[in-house]
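Quick one, fold the following:
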Amino acid sequence: MGIISKLAIRNMKRRKARYILTTVTLVIGVALFGGILIARDSFKVMFVKDIDNRMGTADILVRESETQDGWFRQRDVEDIEDLAHVEYVSYRIAGFSVYTSSVKGGNQLEDSTRTAVYGIDIDSSDEDELGSSPYIIESDVNGDTIEELLDHGRNDIVITESLKIKLGKHFDAGDEVMVLPIDYHLKKGKDQDVVSANTSLWPTYRVVAIIRDLGEARDFDPETPSSFESPSSGPCLFVSIDTAHELVDGAVSHVGEYNLVAVGIDDVNNAADVTDDIEDELGKDEWSVADLKTDTVDQINDTVDMMMTILLMFGVIALILSIILILNIFNIIKEEQEYETGMLQAVGASKSETFKLFLTQGVIMGIIGAIIGTICSFFMSYFIFYITVESLKNMPGQVGEMFADMEFEIILYPQTIAIILGVGVLSCILAAIYPSWKASRKPLIECLNPLAHKAEREKKHHKRKILYILLSIFLIVYGSWLLYTVVGASAGPSRRPSGNEGLSESTTSIIAPTLILFGIIALSAIFVGPITKVFIKIFGPYLKQTKLLTRKNVLRHRKRTVLTYTMIAITVSYLVSISVIMGSVREGVHTTVNNVMGCDIRVFAQNTPRSFEDELEDIDGIDDVMGVTFRNARIFDEDRNKWIGHGQLEKDWDKSVTVHVLDPDKVKTHMTETEVLEPSDMTLEDMMDEIEDENTMIITEDEADYFDLEVDDEILVSFSLGIIFPSFNAMQAYDTDSAKEVIYEEEMKVIAIVEKFQGFATGEIIGQEEGSYNIFISW
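Purely as a prediction, here's the structure:
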């Protein structure tokens, strides 16, 4: 250990209190900053694990695309098991539908439900690794996975909650259902009408468990694998491979064949590369490959990063406060050690050695504080993680349910620990550099003679002050300009100012106010003398005899005063910003939910009469019910001379039009947040009165802009009233080749244009796709 290090340690021991305070300050800043980084990593891992639990750990699905049903044997695709990053491969059956009924002696038309079939290989060890851990509502057997639930009997099946609802409110796990396999009448040599008319003739299966709809990643369209959306939902039967063949093979046996491959890889970040490798191995023309995880993981990363950016801002502010406090304390220590510094220079110490003496103290504190802060960051991350997850669990609806069963653990990545340590040490070094440099540059005579130091302190530094003023004004102006770009961006693309393309909106929204804050603090610090005079003049009666002493102290220790003032300003702004953000988030969530839902509970039903409203109103706790129906439609655009939207029989389209049929009286009562743009003097009550007239409709800004419509304009609308099938069998099989769509065309008059319709068509809030348009009519 050199003489410089020994002197540094001796000085630290002589002033323990101040150095301990400095280290504690650094520990707090590092702990908060590091806790946020660790929480960010933990959130990402938790979300990815939850996706694996809900939709299975399968990362890629593969289907044969040359034939309609896509049957193949295992040997046709087993080469993908040898590809890099591939760990598990399982073979499944999907894409088929059967009819399920719980009514013995019923008929197919009135007492059955069209149900998807999903067959899995319960004897495969790879399937055990790839299967999901579903949310089990009811169970008649033991098991946590679908594979375990099905491993009790050949005729056992697992159904989804939506199918359970179709089967009846009194249907429970352990009950039996009748299932009509594909072409069952051909296999049994019976007339189809006889089989369809009596569900007692159908094979019987025992339901061992009922699970939530959101579960296994079931299937995708081979023609559009990139549009796969997971996890799948809807009425579904989960069965073993053998049972699946019994249900879907039809007249031709496909035993030993499959039509879907599920692939698990070592790291979801490699999913895109493995997808390309599988396509190259099997051939893009013959096989379709769907990447299940890449888009989802990217969305998770973006969401967590956005959420953590806000918290990270506070962590950075805590670090800045730590640096300012350390800088302030170092200035005090520097002044206390001026005489010792002068003596060292007198006996031959160089300026670089003096600089090293002070900087060594900063490095020692930085290392100690960073190590302790990094350890404390683990506990801080647990606190942040726990509070956030518990808050999400307490949210109403599906959001709370989704987080209810999430298991969280703290993830410690070596690179994150290294970043926390590095930032902690660097922060203390940065705070120590300027006082160390000033101490080394101080002339010997000023160190040993306080009067000389006083003369230096009282010099006027006009050029430096002007430079600081210009810098402060620049920070305020530049921060204001950045803030203006964010406001312009939120106002819409057409009003967005140019420039600032290099920064994201979220980053800019954080940097801009911070620059303005620092500019104001710096400008106020420059005029700390006049500000102090004003302060003393205002509070003079309260200061009494300390008035002169206060002013002298401020002017004598100007840097110390400025740093203290800066700390107070940043701390106050930090606390105020937290309060404002939390209040804004609470109000924003309430407003968003209120605007999107427009109600407390939504009940979705098909072909339900309006009398159902009266039945619901009889339930205790329900104050009012509004029935709404949705219809598909098309709008004729005269400028483009074509219909906009699609028919129900069309399989591919790029634009859609939805008709919302609502109750005007109920809208007046409950949808009061609806904003009417045109006519500007029209109230919600007036609009709802007019919509009751025939052939009138309400549109939003999107429709008005796209179709160039104004109030009182008329436009031709084609309403879809349903599909007519040529035969009963075609309807049951949903064979649309010979089906016809029933439409009704009418000239509709625009009576109002709204900015948003509370509870309807809030596309910007719920992520409605571009090209989706909405019109509103009354019953």
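
how about Ala349, secondary structure?
coil (DSSP: H, G, I helix; E, B strand; the rest coil).

Just give the closest residue to Asp175, not the sequence neighbours.
What sits nearest to Asp175 in space, not counting adjacent residues and going by CB to CB, 6 or more residues apart in numbering, is Val207, at 5.7 Å. Yep, even glycine has a C-beta here, placed from its N, CA and C like the rest.

Look up the residues forming beta bridges with that neighbour.
Ile157 (DSSP bridges).

which residues in the stretch 201-350 of the chain form strands?
204-211, 236-240, 257-258, 260-265, 287-291 (DSSP state E, counting those that start in this stretch).

wait, isn't Ala432 in contact with Phe355?
No: the criterion here is CB atoms under 8 Å, and Ala432 misses it with Phe355 at 10.0 Å.

any idea how far Ala173 is from the residue nearest to Asp175?
6 Å (CB to CB, to the nearest Å).

Over to the residue nearest to Asp151 when sequence neighbours are not counted. Which of the three states is it?
Closest residue in space to Asp151, ignoring its immediate chain neighbours: Ile122 at 5.2 Å, by CB to CB, 6+ apart. Three-state call for Ile122 (three-state DSSP): coil.

And for Ile122, the neighbour number?
23 (other CB atoms under 10 Å).

just to revisit the earlier point, pick out whichever of Ala432 and Phe355 has more residues nearby.
Set Ala432 next to Phe355 and count neighbours by other CB under 10 Å: Ala432 wins out with 27 against 18.

Please give me every residue in contact with that one.
Ile326, Phe330, Phe358, Leu359, Gln361, Gly362, Val363, Met365, Gly366 (CB atoms under 8 Å, 6 or more residues apart in numbering).

again, but for Tyr88
Tyr88 neighbours (CB under 8 Å, 6+ apart): Thr57, Asp126, Glu129, Leu130, Ala262, Val263, Gly264.

which SS class is the closest residue to the fifth one other than its chain neighbours?
Closest residue in space to Ala262, ignoring its immediate chain neighbours: Ala58 at 3.8 Å, by CB to CB, 6+ apart. Of the three states, Ala58 takes coil according to three-state DSSP.

contacting residues for Ala58?
Contacts of Ala58 were listed using CB under 8 Å, 6+ apart, and they are Ser90, Leu130, Ala217, Ala262, Val263, Gly264, Leu292.

can you tell me which two in these are farthest apart?
The widest separation within the contacts of Ala58, taken as CB to CB, falls between Ser90 and Leu292 and amounts to 13.5 Å.

Tell me which of the two has more neighbours.
Neighbours were counted for Ser90 and for Leu292 using other CB under 10 Å; Leu292 has more, 26 against 23.

looking at it, the more buried one is touching Val48, isn't it?
No: applying CB under 8 Å, one finds Leu292 not in contact with Val48, separated by 11.9 Å.

ok so, going back, any idea how far the residue nearest to Ala262 lies from Ala94?
12 Å.

just Gly106 next, same as before
Gly106 sits 27 Å away from Ala94, taking CB to CB as the criterion.

same question, Ser133
Ser133 is 19 Å from Ala94, by CB to CB.

sorry, back to before: now the strands of the stretch 201-350 of the chain in CSV, with mean pLDDT, distance to Glu673 and mean neighbour count?
Listed next are those as CSV, based on pLDDT from 0 to 100; distance: least, CB to CB, whole Å; neighbours: other CB atoms under 10 Å:
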stretch, mean pLDDT, distance to Glu673, mean neighbour count
strand 204-211, 91, 37, 22
strand 236-240, 89, 38, 26
strand 257-258, 90, 52, 22
strand 260-265, 88, 45, 25
strand 287-291, 85, 40, 23
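
Give me the pLDDT for the residue nearest to Ala262.
pLDDT, Ala58: 77.

more neighbours, Ser133 and Ala94?
Of the pair Ser133 and Ala94, Ala94 is the one with more neighbours under other CB under 10 Å, namely 25 against 18.

Quick check: that one is in a helix.
No: counting by three-state DSSP, Ala94 is located in no helix; its state is strand.

I figured it hits Asn259, correct?
Yes: with contact defined as CB under 8 Å, Ala94 and Asn259 form a contacting pair (6.7 Å).

residues of the host helix or strand of Ile753 that come out buried?
Under the criterion of DSSP states H and E, Ile753 resides in strand 740-756. Residues of strand 740-756 classed as buried by neighbour count (16 or more other CB atoms under 10 Å): Glu741, Met748, Val750, Ile751, Ala752, Ile753, Val754, Lys756.

That one packs against which elements?
strand 675-678, helix 684-690, strand 696-700, helix 701-707, strand 714-724 (3 or more CB pairs under 8 Å, 6 or more residues apart in numbering; DSSP states H and E).

what's the angle from it to strand 714-724?
130 degrees (axes from the mean of the first three to the mean of the last three CA atoms, to 10 degrees).

Return the distance of strand 740-756 from the chain's centre.
Taking CA atoms, centre = their mean, to the nearest Å, one finds strand 740-756 lying 35 Å from the centre of the chain it belongs to.
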